[in-house]
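In: Provide a 3D model corresponding to the input given below.
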Amino acid sequence: MKRKLIQNVNLEPSENVLREYRNMPAKGMDVSMLVTNHRLIIYTYGRVPVKGRLVKRQAINEIDLKSIHKYEFFYEAIYFKLITRFFGLLLFFGGAFIIAATYIGALTITIPGFDLMWYHVYLAGGLISLFGLYFMFHANKTLYLKIKSSFTEVTALELVPTKGNEEALKFIAGRIRIRS
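Out: Numbers count the residues shown, from 1 in each chain. Next up is the predicted model:
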C-alpha cells in the first residue's frame with residue numbers, strides 16, 4: 001500500500017480533498033488521515049495486540065462525516081508514583097544542601113587520589129538536583145482520539161502529543177457537524 005492516501009482511495013466526482021495528514025506519529029504505529037468534504041479516511045499501519053500477541057496490521061477506516069455523533073480528543077498525563085516523586089524531592093533537597101554547604105564552607109569533600117575542585121562539587125549537586133526535579137515533575141503524555149459513528153463503530157487512536165497532531169485533530173473537529 002502506498003504512503004499517499006489519495007492514490008489508495010477512490011473519490012466520488014462531487015468529493016473534494018480538504019487536507020491530507022501524512023506520518024502522524026502514534027504509539028507503536030504510523031497513522032495518516034485524509035479529510036474530504038464527505039468522509040474521514042484513516043490509514044493505520046503498525047503493531048496491534050490480538051489475543052495477547054502483537055501482530056503487524058494495516059487498515060483503512062472510512063468514516064462518513066454525517067454519521068459521526070461523538071468526536072473527542074484529549075491528553076492523558078501519567079506521572080510517577082508518589083514514592084518516586086517523594087524520592088525526587090529528597091534528591092532535590094540533598095543536591096541543594098550539598099551546594100549550600102559547600103558554598104558556606106561547612107562541607108569539604110576529599111577523595112584520595114583525585115584532586116576535587118570546588119566546581120566538581122557544584123556540578124554534582126546540580127546534577128543530583130536536576131534528577132530530583134525530573135522524578136518530581138516528569139509525565140508521560142498521550143493524545144487520545146476517539147470517534148463514535150453509526151451504532152457500534154468506534155475508532156480509537158493513541159497519538160504522540162505533538163503540535164501537528166493537535167492541529168490536525170482541531171481541523172477535523174471543525175469539519176464535523178454533529179446533528180442532534
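In: how close does Thr44 sit to Glu12?
Out: 23 Å (C-beta to C-beta, to the nearest Å). Using the backbone N, CA and C atoms, a C-beta is placed for each residue, glycine as well.
In: listing request: residues of the chain with sub-threshold pLDDT.
Out: Applying pLDDT under 70 to the chain flags residues 1-3, 111, 113-116, 178-180.
In: how is it partitioned into domains?
Out: 5-77+139-175, 81-137 (automatic domain parsing).
In: quote the end-to-end distance of the longest one.
Out: Looking at domain 5-77+139-175, the gap from its leading to its trailing residue is 19 Å under the measure C-alpha to C-alpha, to the nearest Å.
In: packing partners of the longest helix seen in the chain?
Out: The longest helix of the chain (DSSP state H) is helix 82-104. Under the contact criterion of 3 or more C-beta pairs under 8 Å, 6 or more residues apart in numbering; DSSP states H and E, helix 82-104 touches helix 118-137.
In: out of Thr44 and Glu12, which sits in the more crowded spot?
Out: Comparing Thr44 with Glu12 by neighbour count (other C-beta atoms under 10 Å), the higher total belongs to Thr44, at 19 against 10.
In: who does the more buried one bridge with?
Out: Val31, Ala59 (DSSP bridges).
In: list the contacts for it?
Out: Applying C-beta atoms under 8 Å, 6 or more residues apart in numbering to Thr44 gives the contacts Ala26, Met29, Asp30, Val31, Arg57, Gln58, Ala59, Asn61, Leu157.
In: any idea how far it is from Leu143?
Out: 15 Å.
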